[in-house]
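Asks: no FASTA, just this:
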């Protein structure tokens, strides 16, 4: 297949708006000791799973150790396929929750290339606002949300909190990159695992572009995303944990001057960006979702959308009582983001290759538009016209 061939080739190339949500129960007493499904982890993936399962007629309890809303360092952009997945979950973000952007613009200081999304805009939304929206959606569907819950363990096919058993038919591990559920279930064996480091900060400044900008530095990338009419999010991803936002901005003087003249309105927050592919994502009545189930590098911007689509697939599999179907669908859903991550990480690793690709995109923007449409699932690689591929290839070689 063309996608398999491309993977081989690539491998060789080697809070402006924040509304506080009311916790359903801050200190759970475990009085209702049974449920159909227990979701361990109340982040976006866990809440999306709760919504999807409730819509299938299951009674869901969510256990989360933190208090809402939960923040995390990320680029805060929801691409069109993420928005479509949210709508399938019955979730529509409030109009004031975020800021629409039209597409993606690649820049490296010499060349720039922009591509618009084919049919609809994306939306950038503060992570806390997104979390609040998902909390409200889960509560509307009737899920029981329990915050401040610690010491969650597996107990046979159920879970136990401080020794008290919550009987359940299904256990969903949605407890993030360092998932305890994954280790307790023996699902921690990986096919692939690589780590990078991300840092994020917000600035009070009016967006100067209706595109999310991706600056390609030597060994790092900077994302600038408009999240409000007077605010942008700046995120940096690198293999070097010492590269922070200010360090990366120094590589782009014009951007640095623009950003540094604005007031920072959030503290710098860091997080791991992990590429992880697990051998299995379920065991008995337990299934993993979101970062607990594996992840693609944050360079794709697909983490949230992938979690939402996994939630829909998981709910279908649970309804049918066949988690092996979820395993197959999980792999299928991950295929395109992993392929696009491989392409972008190849650019990140090899500066000469990166520069030639960006130069070629600037000359052949139609190819970038096609790849962006593939990236968000509106097209497939088979939709690329041979003439487009040949035109890109000849321009690349000429570069």
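Replies: Yep, it's here. These figures come from a predicted structure and were not determined experimentally. Residues are numbered from 1 along each chain as shown.
Asks: grab the most central residue of this protein for me.
Replies: residue 303 (1.6 Å; CA atoms, centre = their mean).
Asks: strands along the stretch 251-399 of the chain, start to end?
Replies: 263-264, 269-278, 282-283, 286-288 (DSSP state E, counting those that start in this stretch).
Asks: which among the ones you listed is found nearest to residue 55?
Replies: Of all the strands of the stretch 251-399 of the chain, it is strand 286-288 that lies closest to residue 55, at 16.8 Å by CB to CB. (Glycine included, C-beta is placed from N, CA and C.)
Asks: show me what that closest one pairs with in its sheet, parallel or antiparallel.
Replies: Each strand paired with strand 286-288, and its direction, by DSSP bridges: strand 164-173 (parallel), strand 282-283 (antiparallel).
Asks: what lies in contact with the shortest one?
Replies: By CB atoms under 8 Å, 6 or more residues apart in numbering, the surrounding residues in contact with strand 282-283 are 185, 186, 187, 288, 323, 324, 326, 327.
Asks: quick one on the thing from earlier: nearest to residue 111, out of the strands paired with strand 286-288?
Replies: Short answer: strand 164-173, nearest of these by CB to CB, at 43.1 Å.
Asks: so what secondary structure elements neighbour the next helix or strand after the closest one?
Replies: Using DSSP states H and E, the helix or strand that directly follows strand 164-173 along the chain is helix 180-184. In terms of contacts (3 or more CB pairs under 8 Å, 6 or more residues apart in numbering; DSSP states H and E), helix 180-184 is packed against strand 152-155, strand 164-173, strand 286-288.
Asks: just to revisit the earlier point, show me the contacts for the closest residue to the residue nearest to the centre of the chain other than its chain neighbours.
Replies: Take residue 303 and drop its neighbours on the chain: the residue closest to it by CB to CB, 6 or more residues apart in numbering is residue 295, 6.5 Å away. When contacts are counted by CB under 8 Å, 6+ apart, residue 295 touches 177, 274, 275, 276, 303.
Asks: what does the nearest residue to residue 203 once chain neighbours are set aside show for phi and psi?
Replies: Excluding the flanking residues, the one nearest residue 203 by CB to CB, 6+ apart is residue 262, at 4.2 Å. Dihedral angles phi and psi of residue 262 (degrees, to the nearest 10) take the values phi -100, psi 160.
Asks: ok, residue 262 touching residue 207?
Replies: No. Residue 262 is not in contact with residue 207 according to CB atoms under 8 Å; the separation is 11.1 Å.
Asks: mind listing the strands the helix or strand hosting residue 63 pairs with, and their directions?
Replies: Taking DSSP H and E as the definition, residue 63 sits inside strand 60-64. Here strand 60-64 is paired, per DSSP bridges, with strand 34-40 (parallel), strand 144-147 (parallel).
Asks: make CSV from those and add mean pLDDT to it.
Replies: Converted to CSV, the strands paired with strand 60-64 look like this (pLDDT from 0 to 100):
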stretch, mean pLDDT
strand 34-40, 97
strand 144-147, 97
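Asks: mean neighbour count added to those, as CSV?
Replies: Formatted as CSV, the strands paired with strand 60-64 follow (neighbours: other CB atoms under 10 Å):
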stretch, mean neighbour count
strand 34-40, 23
strand 144-147, 22
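Asks: nearest to residue 359, out of these?
Replies: strand 34-40 (46.7 Å).
Asks: next structured bit after the closest one?
Replies: That would be, after strand 34-40 and using DSSP H and E, helix 44-55.
Asks: could you list the buried residues of that following helix?
Replies: 44, 45, 46, 47, 48, 49, 50, 51, 52, 53, 54, 55 (16 or more other CB atoms under 10 Å).
Asks: ok, now stretch 65-84?
Replies: 65, 68-84.
Asks: residue 333 touches residue 312, doesn't it?
Replies: No. Here residue 333 does not reach residue 312: they are 9.4 Å apart, not a contact under CB under 8 Å.
Asks: quick one on the thing from earlier: in a markdown table: the strands of the stretch 251-399 of the chain, plus distance to residue 317.
Replies: Output for the strands of the stretch 251-399 of the chain, formatted as a markdown table (distance: least, CB to CB, whole Å):
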| stretch | distance to residue 317 |
| --- | --- |
| strand 263-264 | 44 |
| strand 269-278 | 16 |
| strand 282-283 | 8 |
| strand 286-288 | 8 |
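Asks: dump those strands into JSON lines; add mean neighbour count and distance to residue 238 as well.
Replies: Shown next, in JSON lines, are those (neighbours: other CB atoms under 10 Å; distance: least, CB to CB, whole Å):
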{"stretch": "strand 263-264", "mean neighbour count": "11", "distance to residue 238": "20"}
{"stretch": "strand 269-278", "mean neighbour count": "19", "distance to residue 238": "9"}
{"stretch": "strand 282-283", "mean neighbour count": "21", "distance to residue 238": "33"}
{"stretch": "strand 286-288", "mean neighbour count": "28", "distance to residue 238": "27"}
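Asks: out of these, which gets nearest to residue 244?
Replies: That would be strand 269-278 among the strands of the stretch 251-399 of the chain, by CB to CB, at 8.2 Å.
Asks: what ranges do the helices span in the stretch 1-150 of the chain?
Replies: Per DSSP state H, counting those that start in this stretch, the stretch 1-150 of the chain has helices spanning 2-13, 44-55, 80-88, 127-141. These are given in chain order.
Asks: for the residue nearest to residue 224 when sequence neighbours are not counted, what is the enclosing helix or strand?
Replies: Sequence neighbours aside, residue 213 is the residue nearest to residue 224 in space, at 4.4 Å (criterion: CB to CB, 6+ apart). Here residue 213 sits within strand 211-216, counting by DSSP H and E.
Asks: contacts for that strand?
Replies: For strand 211-216, the external contacting residues (CB under 8 Å, 6+ apart) are 75, 77, 101-109, 114, 116, 122, 124, 221-226, 251-252, 255, 301, 347-348, 354, 358.
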